Structure formats: C-alpha cells, structure tokens
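K.L.:
Generate coordinates for the sequence data below:
(one chain, ligands or ions: 1)
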Amino acid sequence: MAFELPPLPYAEDALEPYMGRETLQFHYGKHHNTYVTTLNSLVQDTDMAALDLESIVKKSFGNPDTQKIFNNAGQAWNHNHFWHWMKPNGGGAIPGELEKKIVEDFGSVDKMKDEFIQAGVGQFGSGWCWLVVDGGKLKVTKTPNGENPLAHGAGTAILGCDVWEHSYYLDYRNRRPDYLKAFVDNLVNWDYVAELYGKAS
Ligand code: MN3
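P.N.:
Below is the predicted model of the structure:
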C-alpha cells in the first residue's frame, strides 16, 4: 500500500511569524511530499512494500543497498511528527507530569531547552535534534541527515526539530540558533510531546 502525505494540522500561515507561509509551502508541500513519493517509488515491487513506515525505517537503516530507501523513509517519519510537534501559539506551559520529569532529569526546564538548542546548533550540516525517553530517562540527542532515534534504537523520540537549512533559511537565513530558540519558546506543541511521553513511559 502506498504511503500518503498526511494533512498539515494547521494552515500554511498559522505558524507566522516564527515559521512563514513560504517555508511551509516548500517544506511541507515540496520537501515532505517528495520524501513520500520517492519512498513509494523505491519500495514498489520490493519486500518492503507491505511494511509499515516504522518497520521500513528500522529495516533499511545501516545497509548501503537500502540507503536511498532509508533516507526517504526516515525523512517521511521525521516530518510526519514534525508538523505535530508545532502549533500556533506554541511554547508556553509544559503539562505537569512531563515538566516534573524534565526537572528531575535536567535540573530545570530552561536547562533542557538550552541543551536541546545546543544539540541543534552543534549538529554539523543537515540533521535533527531530539528529546527522547531512553531507559526511563529523558535525554537530548542529535542525528545527521534523515536519521532518527528510531533507526538507531536509541530511545523513543517525543520531540524533534529539523535543522536542515530548508527548515529555517527563508525566515532566519543563517541564524540557526534564533530559529531553534523560536521553536522551543513559540512553536512547540507540548501537549503532543506529553502525549508521546505518556505512551513511551
Ligand atoms: Mn525538513
């Protein structure tokens, strides 16, 4: 069964001024769509065609023969979540249980946010930074290109931020730290993060 581009959970201009309409038009409408359509054409008539997306991500990772499939499956999975990790008027209060766990594992919410931003700033070139639940603890990690914690078997991602240039260059030019700060302060949908935390723990 072919994969489909999931609907964007808000209008293309809903994240302004922190993420502009043109960014969403290209990032969702072009980049994400291309990952999905390319993945479909690559797995067609292979033994992966019957698998769900998570299974393809895990099965295709780390094998040069399936690198192209992985790149597109990883990015399809990452972006399926990415749009839900943001919302209009995001940021703000973190639901109680999750906030408690953040303070327990990082010392404070601000320390977690700083670590998350530094992971994104420190990712050389394209990639993602993550907040994961791993072995009962919250951790911040980063991965290059289309890789993710699912592929690495390194915990369950409950928040991720795309630090490919296509995610911020129209709005922030080369200022990746400003983009990451706006992401954590004004875009994150903490209710969705808390929902994933609940499922993961
Ligand atoms: Mn992207």
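
K.L.:
Tell me, what's the model's pLDDT at the closest residue to Ala2 other than its chain neighbours?
P.N.:
Distances taken as Cβ to Cβ, 6 or more residues apart in numbering place Asn40 nearest to Ala2, at 4.7 Å, with adjacent residues excluded. From N, CA and C alone the C-beta is placed, and that goes for glycine too. Per-residue confidence for Asn40 comes out at a pLDDT of 98.

K.L.:
packing partners for whichever strand or helix holds Asn40?
P.N.:
Asn40 is part of helix 33-43, with elements assigned from DSSP states H and E. For helix 33-43, the packing partners by 3 or more Cβ pairs under 8 Å, 6 or more residues apart in numbering; DSSP states H and E come out as helix 67-82.

K.L.:
same for the helix or strand just after the helix it packs on, what does it pack against?
P.N.:
Per DSSP H and E, the first helix or strand lying C-terminal to helix 67-82 is helix 96-106. Contacting helix 96-106 under the criterion 3+ Cβ pairs under 8 Å, 6+ apart are the following elements: helix 109-122, strand 137-144, helix 190-200.

K.L.:
Dihedrals phi and psi, Asp65?
P.N.:
The phi and psi values for Asp65, taken as degrees, to the nearest 10, are phi -70, psi -30.

K.L.:
picking that back up, please enumerate residues in contact with the helix holding Asn40?
P.N.:
2-5, 49, 51, 56, 68-69, 72-73, 75-76, 79, 146 (Cβ atoms under 8 Å, 6 or more residues apart in numbering).

K.L.:
picking up where we left off before, which of the helices and strands packed on helix 96-106 sits closest to Trp83?
P.N.:
Taking Cβ to Cβ, helix 190-200 is the member of the helices and strands packed on helix 96-106 nearest to Trp83, at 10.0 Å.

K.L.:
end-to-end on stretch 185-193?
P.N.:
Stretch 185-193 has its terminal residues 14 Å apart, counting by Cα to Cα, to the nearest Å.

K.L.:
tell me which residues in it are buried?
P.N.:
Counting neighbours by 16 or more other Cβ atoms under 10 Å, one finds that the buried residues in stretch 185-193 are 186-190, 192-193.

K.L.:
With distance to the ion and pLDDT added, can I get those in JSON lines?
P.N.:
Written out in JSON lines, the entries for the buried residues of stretch 185-193 read as follows (distance: Cβ to the ion, whole Å; pLDDT from 0 to 100):
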{"residue": "Asn186", "distance to the ion": "19", "pLDDT": "98"}
{"residue": "Leu187", "distance to the ion": "14", "pLDDT": "98"}
{"residue": "Val188", "distance to the ion": "16", "pLDDT": "98"}
{"residue": "Asn189", "distance to the ion": "17", "pLDDT": "98"}
{"residue": "Trp190", "distance to the ion": "21", "pLDDT": "98"}
{"residue": "Tyr192", "distance to the ion": "18", "pLDDT": "97"}
{"residue": "Val193", "distance to the ion": "19", "pLDDT": "98"}
